[in-house]
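> Curious how this folds, go ahead:
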Amino acid sequence: MANLIVVCGPQAVGKMTVAERLRDKLRCSMMMNHDSIELSDRIFGFGTPAQKELNGAIRERVFSLAVKYNQDLIFTFVCAFDMPEDVAYLKNLEAQFTESGGQFYFVELSATLERRLERNETPHRMERKPSKRNTEWSRQDILKTAERYKLNTEEGETLFPRHLKIENTDLSPDEVADRVIEAFGLVPNSKDEKEQR
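Numbering: from 1, shown residues only. Reported below is the predicted structural model:
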């Protein structure tokens with residue numbers, strides 16, 4: 001049985017670093033949303049029909065392989081909660097893993113816009129996400145999407161049985177990961193470091 005942990009939230013909220021800490025603490029596999037974005041962008045160019053199709057195909061294949069080989073997986077995702085197709089995508093992921101006997105854990109992060117703009121330019125983010133190295137473009141993207149979309153759920157709103165919301169403006173990635181592990185009662189897998197990365 002494979003379990004899926006989705007770490008969700010707006011751009012530059014800290015999803016990648018939290019997911020990396022969870023990966024290391026739980027010794028499981030991880031795919032951040034930019035793994036498939038950067039590869040498909042490099043091949044076909046961002047926003048093209050071919051890039052979008054390849055991006056989706058990569059993710060779909062990773063999820064199916066995780067279920068097939070019983071590999072616990074962490075996935076980062078930006079959801080526009082006011083777009084039914086985004087919520088449906090998450091619901092379909094939940095069904096894919098729970099119907100095979102696994103668990104679906106949803107971690108929603110939020111932080112102030114000011115803190116997100118600071119995190120947008122961190123060296124680790126620049127290293128792991130080449131498409132974000134144009135910091136003026138990514139800054140404007142953060143500002144535009146913050147105005148256009150609902151990137152966090154409302155107070156008291158939950159979408160999943162295991163839905164944990166964490167305001168992480170002033171929390172370190174380790175602190176957030178530890179809260180997730182405690183809240184869901186997660187235990188590390190028994191595989192060694194070579195198998196998890």
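> Give the buried residues for the strand or helix carrying Met126.
Assigned by DSSP states H and E, Met126 falls within helix 123-128. Buried residues in helix 123-128, counted by 16 or more other C-beta atoms under 10 Å: 125, 128. Placement of C-beta: from N, CA and C, glycine included.
> Report the separation between the most centrally placed residue in the chain and Val6.
The residue lying closest to the centre of the chain (C-alpha atoms, centre = their mean) is Thr76, at 0.9 Å. Applying C-beta to C-beta, to the nearest Å, the value for Thr76 to Val6 is 8 Å.
> Kindly report the same for Arg162.
For Arg162, the distance to Val6 equals 10 Å [C-beta to C-beta].
> any shared contact partners between the two?
Listed as contacting both Arg162 and Val6 by C-beta atoms under 8 Å, 6 or more residues apart in numbering are 104-106.
> can you pull out the strands in the chain?
Here the chain has its strands, by DSSP state E, at 4-8, 29-31, 73-77, 104-110, 163-167.
> what comes up buried for the second one?
Pointing back at strand 29-31 there. Neighbour-count burial for strand 29-31 flags 29-31 (criterion: 16+ other C-beta under 10 Å).
> Over to stretch 28-46?
Neighbour-count burial for stretch 28-46 flags 28-38, 40-41, 44 (criterion: 16+ other C-beta under 10 Å).
> Tell me which two in those are the farthest apart.
Farthest-apart pair in these is Cys28 and Phe44; separation 29.8 Å (C-beta to C-beta).
> Centre of the chain to stretch 94-113, how far?
Centroid separation for stretch 94-113 versus its chain: 9 Å, with C-alpha atoms, centre = their mean, to the nearest Å.
> buried residues in stretch 52-68?
For stretch 52-68, the neighbour count (16+ other C-beta under 10 Å) marks 54-55, 58-59, 62-63, 66-67 as buried.
> Looking at those, which are in helices?
Among the buried residues of stretch 52-68, DSSP state H puts 54-55, 58-59, 62-63, 66-67 in helices.
> Could I get those in TSV, plus columns for distance to Lys150 and pLDDT?
Output for these, formatted as TSV (distance: C-beta to C-beta, whole Å; pLDDT from 0 to 100):
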residue	distance to Lys150	pLDDT
Leu54	28	97
Asn55	22	96
Ile58	27	98
Arg59	22	97
Val62	27	98
Phe63	25	98
Ala66	28	98
Val67	30	97
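> What ranges does the chain have for its helices?
Ranges of helices in the chain, per DSSP H, are 15-26, 33-44, 49-68, 84-98, 113-119, 123-128, 135-148, 173-184, 193-196.
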